[in-house]
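Chemist: from the sequence below, what's the structure:
(chains A, B and C)
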Amino acid sequence: MAVNAEQRGPSGEGMWQRESRARHFRERAIKIVLAACAYVSVLTTFGIVFVLLFETVNFFREVSIVEFFTSTTWSAAFANPQFGILVLASGTLLTTLIAIAVALPVGLLAAIFLSEYASPGLRRWLKPALEILAGVPTIVYGYFALTFVTPLLRETILPSMTIFNALSAGLVMGVMIIPTIASVSEDAIHAVPRSLREGAYALGATKRETATRIVLPAALSGIVAATILGISRAVGETMIVAVAAGNLAQLTANPLESVQTMTAFIVQVASGDTPTGSLTYNTIFAVGSTLFVMTLILNIVSYVFVRRFREAY
Amino acid sequence: MPRETFQRELDQLVEEVVELGREVESSLGTMVEALQGQDGEIAKREIGVDSRFKERGAEIDEECMVLQARQAPVARDLRLVYTVQAVTNHLVRAGTLCEHICHAIVETGGADQDSDLSATLSEMARGARSLFGEGLDVFESRDIDRARDLEAADDKVDLLYSEAMNLVVNPNKEESGSPEWRVRAALMVHYLERIADHGVDVGGRTVFLVTGERMESAMRQYRERRIDSDED
Amino acid sequence: MSEVSGERSGIGRDQGDQPSPAPKTEALGMKTENLSAFYGAFKAVTDVDMEIRPNKVTALIGPSGCGKSTFIRCLNRMHEVVPNAYAEGCVKLGDRDIYARDTDPVTVRRRIGMVFQKPNPFSKSIYENVAWGARINGYRGDMDELVERSLKRAALWDEVKDKLKKSGFDLSGGQQQRLVIARTLAVEPEVILMDEPASALDPVSTQKIEDTMAELKERYTVVIVTHNMQQAARISDYTGFFYIEHMNDPGRLWEFDETDKIFSSPNRKETEDYVTGRFG
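Modeler: Take a look at the predicted model:
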């Protein structure tokens, strides 16, 4: 392959072009393979969205869209069904709020500790250990909530709590997303250049002043992204709420009672013997679409936020 | 070694200076010959060298300026460029004085002379020329140990200077030479003394080039060092 | 703190005077004795004895990796910020050993400010960048006035006076570096350490920083690490040459003298080879 001295000169031109053509072909081939892989995933996504929308449209042929967004009753499986998405949304909102209330402070403080205070050795094993938490199957969390957290709370401070309740599910969900928030925030905090910290130290700032007033603001966009990622996971979380929150579709703000989230409803219908094409069957697509739109909005908000507040450092 | 181009330019600069110096030295040789024989014809050969030396000196000066602008020399490089400029100045000035003397020889060709003074002049001229040559040798070889000897040689020229001046002021009664020649001779004595000084200065500049110290303090050190080594 | 401050009062000293023409103010000098710096088991710099004269600019030069940056970071205990890094020996600000057991590195760094190679403004407004350091150090005076005075001393005021609320990142690299200098001045240190402050800047910005430095020494003691020898020659009064004789040796202070001497006739051959570019 090597072009040696004899092959150079006018007679070498042909060589060059042939080799160039062969290489050109290989370049094109690899590009096509790569593009195909990229398009497969994009097309799959579009396919899913298309099916969702198609079935959702079917659903709204039979159910008023106004009723869907305003009714305060959800009784999809009953003889005279009512479809108030607010009921399921409230369940999702309640468990998510509880989860974030747990995960944000704990995750953020853990991230600050890991990045700013932990020794490199400690950080080296503590961060992977934290990330392992994220790998625990959520069904395990669900039974942990049902068989450990709920009895514990009932026996100690909240005897009035029902067996299936939003609080336990939310708390355990919070524990579940701590690693997400902590890990992503830690990455953001760690990515703040050392020069910025040193700049603060050089002015006589203490470690705490530097961490809270220089490093955290600089990492804000990353922290917000981490939080939104956590919220997305909480909103989309299924098994914990299906197992521990009770699947009772009621509009309530009381965390001690049972609730049904949108995901839990989908599981309930999908795992039952609902005939394909029936109205009840179609509801899961309507709920799925709502869920999809919610997560989409969260992702867009996070994207916009990250873009607007990104620090050049 | 990095900065090879720069180093080459510096080396070339030094070469040009030495070349100029050798030419001045050769003019001085002619001058000595002319003075010894009171030969206006020989002296005439050196009329006009001055402007040539000055031109060469200006060229070297310009090269130094360009080098400083482009290469921003420091430390030994800076000392070299600085020394080259100073040495060139000494060389050109010695050349100018040489031409003055030759002029004087040409113009007083047929005049009556004082033979004692004439002899002293010749001796002085030889001393000045050899001092100048040695100063140039020191610069070329950067052998600053030899710079010490220059001062001793200069002392000898200074002695001749006093002697010559004495003869100018107290002329020999029998053959005192023409007044015009006498005045010219006084000037030549002065010029020769200056040429010798330029030679010593070239050596002194070289000491600065090598050690970074001025001649006077360097000389003091060398004297002290010699005493030390004698005691060993 | 009060022992360190010497004849000057704290942060609000000479509050109210006009920044220009800057009246000369006595700063404190520094001195190191047998200073060695380590990264874990690796000794980066060994046995540096240096006297840093007050109200003078001291430049530190030398080949890459010879320990000059490490050394300058020891002067305000910034070196130990790096994990496992530590220093041995004595560093004095005035008469006070800043490595003494009862000395808090945070107070040391307020007295001995630092400007880094890469401009590192905070993700705050220009105004806040300057005010922040003074505020955390408990400055109680007129903040607007302090910000203006500091920016003027850093020769940045005219360029930013109409956009103080804008982010520090909106400035050019050279302006950012002067903002960092202003931020350092706002804390009113005795000594300003600069670690290659102009190496990332264009020639015009570099020139402005250099001009600023000439004025800074009227009120502060300045130490600057630079790879640019002409810069050292232009701006400094004293120059220290750091050098490593053999591979894996720690860096040493090879020669320290007046800048005029270092750049006209240094005493050691290695220094001369380095400043004339014949190194290696």
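
Chemist: give the buried residues for stretch B:94-102.
Modeler: For stretch B:94-102, burial by neighbour count (16 or more other Cβ atoms under 10 Å in any protein chain shown) applies to B:94-102. Every residue, glycine included, has its C-beta placed from N, CA and C.

Chemist: dump the residue contacts of residue B:77.
Modeler: B:6, B:10, B:71, C:276 (Cβ atoms under 8 Å, 6 or more residues apart in numbering or on different chains).

Chemist: buried residues in the helix or strand where the first one lies?
Modeler: Counting by DSSP states H and E, the element that carries residue B:6 is helix B:4-37. Within helix B:4-37, the residues scored as buried using 16+ other Cβ under 10 Å are B:6, B:9-10, B:13-14, B:16-18, B:20-21, B:23-25, B:27-32, B:34-36.

Chemist: ditto for stretch C:252-270
Modeler: Applying 16+ other Cβ under 10 Å to stretch C:252-270 flags C:252-257, C:259, C:261-266, C:270 as buried.

Chemist: rewinding a little: tell me the one of the contacts of residue B:77 nearest chain A?
Modeler: residue C:276 (33.0 Å; Cβ to the nearest Cβ).

Chemist: which helices and strands does the helix or strand just after the helix holding residue B:6 pack with?
Modeler: Where DSSP H and E defines the elements, the next helix or strand beyond helix B:4-37 is helix B:40-44. When contacts are defined as 3 or more Cβ pairs under 8 Å, 6 or more residues apart in numbering or on different chains; DSSP states H and E, helix B:40-44 packs onto helix B:4-37, helix B:75-107.

Chemist: figure out how far the longest one is from the centre of its chain.
Modeler: Just to be clear, that refers to helix B:4-37. Once both centres are worked out by Cα atoms, centre = their mean, to the nearest Å, helix B:4-37 turns out to sit 11 Å from its chain's centre.

Chemist: can you check stretch B:198-206 too?
Modeler: Worked out by Cα atoms, centre = their mean, stretch B:198-206 lies 8 Å from the chain centre.

Chemist: how about that stretch and chain C, touching?
Modeler: No. Stretch B:198-206 is not in contact with chain C by Cβ under 8 Å from any Cβ of the partner chain; minimum separation 13.5 Å.

Chemist: just the CA trace of that stretch, in CSV.
Modeler: Output of stretch B:198-206 as CSV, limited to C-alpha atoms (Å, rounded to 0.1, in the frame of the first residue of the first chain):
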residue,chain,number,x,y,z
HIS,B,198,41.6,52.7,21.0
GLY,B,199,43.5,49.4,21.0
VAL,B,200,43.4,49.2,24.7
ASP,B,201,39.7,50.0,24.7
VAL,B,202,39.0,47.2,22.3
GLY,B,203,40.7,44.8,24.8
GLY,B,204,38.7,46.4,27.6
ARG,B,205,35.4,45.9,25.7
THR,B,206,36.3,42.3,25.2
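
Chemist: what's it in contact with?
Modeler: Outside stretch B:198-206, the residues within contact range by Cβ under 8 Å, 6+ apart are B:21, B:83, B:86-87, B:90-91, B:93-94, B:97, B:128, B:131-136, B:138-139, B:142, B:144, B:146-147, B:150-151, B:153-154, B:214-215.

Chemist: point me to the residue of chain B nearest chain C.
Modeler: For chain B, Cβ to the nearest Cβ, closest residue to chain C: residue B:212, 2.3 Å.

Chemist: pipe the helices and strands packed on helix B:40-44 into a markdown table and attach distance to residue C:31 and mean pLDDT per row.
Modeler: Converted to a markdown table, the helices and strands packed on helix B:40-44 look like this (distance: least, Cβ to Cβ, whole Å; pLDDT from 0 to 100):
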| stretch | distance to residue C:31 | mean pLDDT |
| --- | --- | --- |
| helix B:4-37 | 38 | 94 |
| helix B:75-107 | 27 | 94 |
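
Chemist: so can I have TSV of those showing distance to residue C:55?
Modeler: What follows is the helices and strands packed on helix B:40-44, written out as TSV (distance: least, Cβ to Cβ, whole Å):
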stretch	distance to residue C:55
helix B:4-37	36
helix B:75-107	27
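
Chemist: residue B:172 is nearest to which of the ones you listed?
Modeler: helix B:4-37 (18.6 Å; Cβ to Cβ).

Chemist: the closest one packs against which elements?
Modeler: helix B:40-44, helix B:49-71, helix B:75-107, helix B:115-141, helix B:179-211.

Chemist: if you set the cut-off to 7 Å instead, what comes out?
Modeler: Where contact means 3 or more Cβ pairs under 7 Å, 6 or more residues apart in numbering or on different chains; DSSP states H and E, helix B:4-37 is packed against helix B:40-44, helix B:49-71, helix B:75-107, helix B:115-141.

Chemist: average pLDDT for the shortest one?
Modeler: In this model, helix B:40-44 carries a mean pLDDT of 88.

Chemist: quick check, the residue in chain A closest to chain C?
Modeler: residue A:204 (2.9 Å).

Chemist: what is the burial count for that residue?
Modeler: 25 (other Cβ atoms under 10 Å in any protein chain shown).

Chemist: quick check: closest non-adjacent residue to the residue in the stretch 201-313 of chain A that chain B sits nearest to.
Modeler: In the stretch 201-313 of chain A, the residue found nearest to chain B is residue A:202; the distance is 31.6 Å by Cβ to the nearest Cβ. Of all residues not flanking residue A:202 in the chain, residue C:114 sits nearest, at 3.8 Å (Cβ to Cβ, 6 or more residues apart in numbering or on different chains).

Chemist: wait, the one you found touches residue A:204, no?
Modeler: No. Counting by Cβ atoms under 7 Å, residue A:204 is not a contact partner of residue C:114; they are 10.4 Å apart.

Chemist: quick check: residue B:111 is in a helix.
Modeler: No. Assignment of residue B:111 by DSSP: H, G, I helix; E, B strand; the rest coil gives coil, placing it outside any helix.

Chemist: and it, how many residues sit next to it?
Modeler: Count around residue B:111 with other Cβ under 10 Å applied: 15.

Chemist: and the pLDDT for it?
Modeler: 75.

Chemist: which helices and strands does the helix or strand harbouring residue A:266 pack with?
Modeler: Assigned by DSSP H and E, residue A:266 falls within helix A:262-271. When contacts are defined as 3+ Cβ pairs under 7 Å, 6+ apart, helix A:262-271 sits against helix A:85-112, helix A:239-244, helix A:279-309.

Chemist: for the record, mean pLDDT for that helix?
Modeler: The average pLDDT for helix A:262-271 rounds to 83.

Chemist: now the angle from it to helix A:279-309?
Modeler: Counting by axes from the mean of the first three to the mean of the last three Cα atoms, to 10 degrees, helix A:262-271 lies at 150 degrees to helix A:279-309.

Chemist: which residues sit in contact with the nearest residue to residue A:195 once chain neighbours are set aside?
Modeler: Counting by Cβ to Cβ, 6+ apart, residue A:195 lies nearest to residue C:120, which is 4.1 Å off, once chain neighbours are set aside. Residues near residue C:120 by Cβ atoms under 7 Å, 6 or more residues apart in numbering or on different chains: A:195-196, A:199, C:180.

Chemist: phi first, then psi, for residue C:120.
Modeler: Backbone geometry at residue C:120, expressed as degrees, to the nearest 10, gives phi -130, psi 60.

Chemist: swap in residue C:268?
Modeler: According to degrees, to the nearest 10, residue C:268 has phi -110, psi 150.

Chemist: and the gap between it and residue C:261?
Modeler: Residue C:268 sits 11 Å away from residue C:261, going by Cβ to Cβ, to the nearest Å.

Chemist: how about residue B:42?
Modeler: Counting by Cβ to Cβ - residue B:42 and residue C:261 are separated by 50 Å.

Chemist: can you check residue A:156 too?
Modeler: Distance, residue A:156 to residue C:261, using Cβ to Cβ: 80 Å.

Chemist: and what of residue A:58?
Modeler: As judged by Cβ to Cβ, residue A:58 and residue C:261 stand 91 Å apart.
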